[in-house]
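Peer 1: structure, please.
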Amino acid sequence: MTGVSWSGAATRFLAVRLEPGADLRRGLIEVFDAQPERAGFVAAAVGSLTVAALRMAGEPEVERIAGPLEIVGLSGTLSVDGPHLHLAVSLSDGRMLGGHLMDGARVRTTAEIVLGLAAGVVFERPVDPATGYRELSGREG
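Peer 2: Now for the predicted structure:
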């Protein structure tokens, strides 16, 4: 197990709204990259999409799900090496789908997101030899 900790007082919260047509994942990356902090996480998110772009667990291909869709869950971390974000959406009939958020999910009316940004911490994603994936690692910095 690896980990890093910081004081709650070192966390700054930022509320942002992505407008219609914005790419959800790219928008979050742009907002995070514009901040001085180098470690972040999604604290809350609501909104709607015209299309979701998800990579399902264990699958290599990205699925595009046509909307209208409601964002019912978005969680993940933002690092200097990129994000790891999971999205859950509800379809117009109430069924839900979820997976890794990929580029191409487009905001329908709004995406209201609260990010937690940690000062004095750096999130990175080195390749873990045990999994072969870029996994979260944190350090003071």
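Peer 1: how far does the worst-scoring helix or strand of the chain on mean pLDDT sit from its chain's centre?
Peer 2: One helix or strand of the chain scores below all others by mean pLDDT, DSSP states H and E: strand 137-140, with a mean of 88. Chain-centre distance of strand 137-140: 18 Å, with C-alpha atoms, centre = their mean, to the nearest Å.
Peer 1: which other helices and strands contact that strand?
Peer 2: Contacting strand 137-140 under the criterion 3 or more C-beta pairs under 8 Å, 6 or more residues apart in numbering; DSSP states H and E are the following elements: strand 121-124. Glycine gets a C-beta too; all of them are placed from N, C-alpha and C.
Peer 1: and the closest residue to Leu87 other than its chain neighbours, what does it touch?
Peer 2: Among residues not flanking Leu87 along the chain, Leu101 sits closest, at 4.1 Å (C-beta to C-beta, 6 or more residues apart in numbering). For Leu101, the contact set (C-beta atoms under 8 Å, 6 or more residues apart in numbering) comprises 24-25, 52-54, 74, 76, 83, 85-87.
Peer 1: can you rerun that using 10 Å?
Peer 2: Leu101 makes contact with 24-25, 28, 42, 52-55, 71, 74-76, 83-89, according to C-beta atoms under 10 Å, 6 or more residues apart in numbering.
Peer 1: of those residues, which belong to helices?
Peer 2: 24-25, 28 (DSSP state H).
Peer 1: which one of those is nearest Gly94?
Peer 2: Leu24 (21.0 Å; C-beta to C-beta).
Peer 1: what about that closest one, how many neighbours?
Peer 2: 27 (other C-beta atoms under 10 Å).
Peer 1: how far away is it from Met56?
Peer 2: Distance of Leu24 to Met56, computed by C-beta to C-beta, to the nearest Å: 17 Å.
Peer 1: swap in Arg134?
Peer 2: From Arg134 to Met56 the distance is 19 Å (C-beta to C-beta).
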